[in-house]
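J.: model the following, please.
(3 chains)
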Amino acid sequence: MAGRVGIVAASATKFEAAKPYEHLMDLVIEVTDKVVEAAGINLKDDVEAVISCSQDFWDGRTISSMPIPDAVCSHLKDESKVAGDGAYAVLYGAMHILSGDNKLVLVVSHCEESITDGTMIDNWSIDHIYHRWLGLDYTMGAAMQARRYMDKYKVTPEQFAKVVVKNKGNARKNKYAQEAMDLTVDQVLKSKMLADPITALQKKPVSDGACAMILASEEVAKKLTPNPVWITGVGNFYEHHNLGDRDLAECDALIKSAKRAYKMAGISNPVKDLDVVELSEYYAPEELLWTEGLGLCGRGEGGKLIDSGKTQLKGELPVNPSGGLLSGIPVTVAGMTRVAEAVWQLQGKAGEHQVQGARRAVAHGCGGLCGQMHCVLVLEKGGK
Amino acid sequence: MANRVAIVGIGQTTHSGRRPYVNDGELIYDAVTKALADADLSINDMESVMSGNMDFFEGHHLNDAMLNLYSGAAGRPGFKMNTGGTVGTMMAIQGWYHVASGLYDLVMVIGWEKHDEGLVTPAISTITDPAVDRHFLVGAIGGLATVSVAYMQRSGCKLEHAAMVRANASQAAARNPNAHMREIYTVEDVMNARMVMYPLNLLMCCPTSLGATAMILASESKAKKICKKPVWMKDHVTVHVEYGGAQFGIGEKRWTSHMEAGAKLFKRNHITKPMVETQVFEMYDPFAFAIPMWLEDFLVCEPNEGWKLIEKGALKLEGEYPVSPSGGVLCTNSIGDSAILRVAEAALQVRSDAGEHQVTRDVKQALASGFGGSYWSDLLLLSKTMD
Amino acid sequence: MKQKPQEELIYINKTVKIPYKWRTGEVWGEFFRELKENGIIYANQCPKCGRQFCLPKSVCTRDHTVCTDSSKWIPVGPKGTVVSYFMAEQSFLLPTTGEMLKIPFAVGIILLDGATVILQHQLEETDEKKIKLFMRVEAVIKPKAERKGNIFDIVHFKTITE
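T.: Presented below is the predicted three-dimensional model:
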């Protein structure tokens, strides 16, 4: 990649099951003001372009970025909207900088899942010729995926439950986290069955919130902070939509995304070269599969990986030390929060869930039925 | 330093009001195969495939992922952007960033909409905030009527001028086999059409159409190898404004997104006489007053001169400065597709490939615009040569 | 082998009905509260550039200054000027109610006296010939007992002569 893109600062709201007193724009204003302050810049004069990220269906509004210019002071400026996971917005922001068009961009994502019925929204993303009418939603999709995964690679429900115990436990140490819980495997497995084997505690809770970050060219980033975080690798791929065209126990799109990102970043051995991983697990079984896709273990060994304890907060390679999506993160914002958490880790700002000495991180965003699309970013600590 | 980007392949479907024998995906596939044929490439050459569209118009969430089999994005990189009417120009710009960033050399961008599968006006009404103004916008036409009224008042433009615009557009569309509404109308026909929202009658508003356009963009080194007539995406400007669009100049000098876009683009490219230094403008013209009003707003002509140029016949296909020689959005409006079609049509003009609706001037540089949202604008400059 | 299209196509007709609970946020919440309790239309002022927003905003759109200081809220209107308007003579489906729009339906872009930013609301006048640019209008506000704290507490804007 010609030149480097630096993330100067990142911000987020506290994530909550519902924020009834906040208009969506109040959330955007909050994270924008926070990140501008953290970066030490002037919103009106220094930000050249804004990339927002939201979904029309979740906001109940065509062109869900209509009120964004008012909230981010982008009157008469370049502004655009990604309609996908927040990680893509970070990628797009990086493209703005790499192209030389901009030196400093604001990337912001918002979603209030509590204002609507998520099951319906998920259902409306499924093809309208065949599968939508089955009443398929993402929980059922995740259940099918978990089943196939268990059948092919012999992972177990107990291993899925361990992900929940780990992540919701990690959330105790994250000031932004919505839902921290001290659980046992048994409690997770005995929670209400949604779609076998997905029990209620294995599904990401409904959440409201927003996230933002400031991206800058190498020169500007170095001026603004002694600790810029460099984006050193990116990769994103789609799977097929039709479930029949996929083997749900596989995640080729993620494998390809990670491979491309790692190649760019010069990572040949992810387990050795990475210090922390923040991935998007909407459902607990996904974390195991995504650790395989990210090359943190061999194919089919996701269950063994969680058993080994390596991905625990104090383990060799912590996965989701922030608590992940299971701690309560809204869709769309999700991927961007993974990048934000990785940024805070690399800047030494992760507080109680800091992974000591973290120098390289991978952040992962995904979306769609059974993780149909993936985006992987490799981030590296800048400065001393 | 940006990599230079060229358009090396263009494909568009025919546009119509209804096309019930084809589903959304097949529509996209139609445009994609045409673009690949035009570029003499295969889908396997595409390093990223991006599609843009407005969710509520067909009622599908995440439809870039849903239709990725047809677009060719399955198994490839890509993501969706949607910004309203500007989504098409956004796709061209998104493709530009993919290549200019150095991350990709050859990408495909697609804009599409299938309005016969949904209701567009209620969907557009939801661009407003539900608490305060959702009941007071009736689709796009409401807002466009308000700016038309204001334009007539300040510039002296009359209804007859809008009628002339539509009559001219019909002549252009009659020569464009891919346009939707190709009937020829006289000024009188247009004046007598049924009123929808004063001052916009049925013929002065764009139709709801369906269609898709795909373009293949390549980096300089790739374009020079694979394409005989690359069209260079020389520059692009995106300008968004506050909610409400600052259209009326209340308590301040009226300065809209179009004006900012025109000022930025022309300054950066050292263009002082746009009607001389560019030879054609495919403008996003969703209503008949758009051409005169926005030609002024884009700073292509002087204030209050737009409608006078219409009177003189200067903006017709054979005129001194053709605007929307394809018939424009006035004759073909599939929202996710409309803006990218402006870029595609402008590119065809630069390549001298527009067939019967090719303008008579020798086109070296062309302008294309997108419009949407809260009166946001995109403006692109295309060029036959790199410099 | 390609078959000729059949006469009867299979259609799946579905009306999208998705429930939403939108938030107003505190600033508009305050606006609607004042409208409901006291029948007063408020604007708020940006302390930096002085623009007066009706409907009120939490931050200024031009300089991002916070505008939530309640001491800077000013009553505006109820009279105003029509800066532009549209009049719908064709009915369309309303997305919030699922019903067809009652026509003729006129909406004004209204600059309330004392405000710098416009408000959109229904005009009482439905004869297009009688709507003139820059004509004066006045908000018709529901009696207190009927007010609910939403935008319809303003019934519409009636034409006045001044």
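J.: so which residues of the chain form strands?
T.: You didn't pick a chain, so chain A it is. Counting by DSSP state E, chain A has strands at residues A:5-12, A:49-53, A:78-82, A:104-112, A:193-195, A:198-199, A:208-217, A:229-238, A:276-278, A:360-367, A:373-381.
J.: not what I meant, chain B
T.: Under DSSP E, chain B gives strands at B:5-12, B:48-52, B:106-114, B:195-197, B:200-201, B:210-219, B:231-239, B:280-282, B:365-372, B:376-383.
J.: need these in TSV (columns: mean neighbour count).
T.: For every residue, glycine as well, the C-beta is placed using N, CA and C. Formatted as TSV, these follow (neighbours: other Cβ atoms under 10 Å in any protein chain shown):
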stretch	mean neighbour count
strand B:5-12	26
strand B:48-52	27
strand B:106-114	29
strand B:195-197	23
strand B:200-201	24
strand B:210-219	29
strand B:231-239	23
strand B:280-282	28
strand B:365-372	27
strand B:376-383	27
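J.: of the ones you listed, which is nearest chain A?
T.: Nearest of those to chain A, taken as Cβ to the nearest Cβ: strand B:231-239 at 4.6 Å.
J.: need the CA coordinates for that closest one. CSV is fine.
T.: Taking Å, rounded to 0.1, in the frame of the first residue of the first chain, the C-alpha atoms of strand B:231-239 are listed here in CSV:
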residue,chain,number,x,y,z
VAL,B,231,-12.7,7.5,-20.6
TRP,B,232,-10.7,9.2,-17.8
MET,B,233,-12.5,10.0,-14.5
LYS,B,234,-10.6,13.2,-14.2
ASP,B,235,-12.2,14.6,-11.1
HIS,B,236,-15.2,14.4,-8.9
VAL,B,237,-16.8,16.5,-6.1
THR,B,238,-19.4,15.4,-3.6
VAL,B,239,-21.1,18.1,-1.6
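J.: what parts of the stretch 101-250 of chain B come near chain A?
T.: B:101-103, B:123-124, B:126-130, B:237-243, B:246 (Cβ under 8 Å from any Cβ of the partner chain).
J.: mind listing which of the residues you listed are in helices?
T.: Assigned to helices by DSSP state H, the following of these qualify: B:123-124.
J.: residue ranges with poor pLDDT in chain C?
T.: Along chain C, segments meeting pLDDT under 70 span C:1-8.
J.: go with 90
T.: Along chain C, segments meeting pLDDT under 90 span C:1-18, C:26, C:50, C:54-55, C:68-72, C:77, C:89-99, C:116-118, C:128-129, C:162.
J.: can you check chain A too?
T.: A:1-3, A:129-130, A:383-384.
J.: residue nearest the centroid of it?
T.: The centroid of chain A falls nearest to residue A:335 when counting by Cα atoms, centre = their mean (2.3 Å).
J.: repeat for chain B
T.: residue B:339 (2.5 Å).
J.: and that one, how far is that from residue C:133?
T.: 30 Å (Cβ to Cβ, to the nearest Å).
J.: got the contact list for the worst-scoring helix or strand of chain B on mean pLDDT?
T.: Lowest mean confidence among the helices and strands of chain B (mean pLDDT, DSSP states H and E): helix B:120-125, at a mean of 88. Residues outside helix B:120-125 that contact it (Cβ atoms under 8 Å, 6 or more residues apart in numbering or on different chains) are A:62, B:54, B:56-57, B:134, B:137-141, B:208, B:335, C:92-95.
J.: out of those, which sit inside helices?
T.: B:56-57, B:139-141, B:335.
J.: of the strands of chain A, which approaches chain B most closely?
T.: Of all these, strand A:78-82 sits nearest to chain B, with 4.0 Å by Cβ to the nearest Cβ.
J.: circling back to that earlier point, got the CA coordinates for the least confident helix or strand of chain B in PDB?
T.: What follows is helix B:120-125, C-alpha atoms only, in PDB (Å, rounded to 0.1, in the frame of the first residue of the first chain):
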ATOM      1  CA  VAL B 120     -41.500   5.000  -4.800                       C
ATOM      2  CA  THR B 121     -43.300   8.100  -3.400                       C
ATOM      3  CA  PRO B 122     -44.100   6.700   0.100                       C
ATOM      4  CA  ALA B 123     -40.600   5.300   0.200                       C
ATOM      5  CA  ILE B 124     -39.100   8.700  -0.600                       C
ATOM      6  CA  SER B 125     -41.400  10.400   2.000                       C
END
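J.: which of the residues in it are classified as buried?
T.: B:120-125 (16 or more other Cβ atoms under 10 Å in any protein chain shown).
J.: which residues touch the closest residue to residue B:172 other than its chain neighbours?
T.: Spatial nearest neighbour of residue B:172, excluding adjacent residues (Cβ to Cβ, 6 or more residues apart in numbering or on different chains): residue B:327 at 4.6 Å. Residues near residue B:327 by Cβ under 8 Å, 6+ apart: B:169-170, B:172-174, B:176, B:179, B:181-182, B:357.
J.: next one: residue B:327 from residue B:184, what distance?
T.: Counting by Cβ to Cβ, the gap from residue B:327 to residue B:184 is 11 Å.
J.: between those two, which contacts overlap?
T.: Common neighbours of residue B:327 and residue B:184 (Cβ under 8 Å, 6+ apart) are B:170, B:174.
J.: before we move on, the earlier item: can I get the ones in helices among the contacts of helix B:120-125 in CSV including neighbour count and distance to chain C?
T.: Below are those laid out as CSV (neighbours: other Cβ atoms under 10 Å in any protein chain shown; distance: Cβ to the nearest Cβ, whole Å):
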residue, neighbour count, distance to chain C
B:56, 24, 8
B:57, 24, 11
B:139, 24, 6
B:140, 23, 11
B:141, 24, 7
B:335, 31, 16
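J.: looking at the residues you listed, spot the one nearest chain A.
T.: Among those, and counting by Cβ to the nearest Cβ, the member closest to chain A is residue B:56, at 4.8 Å.
J.: sorry, back to before: out of the strands of chain A, which gets nearest to residue A:293?
T.: strand A:373-381 (7.4 Å; Cβ to Cβ).
J.: cheers, nothing more for now.
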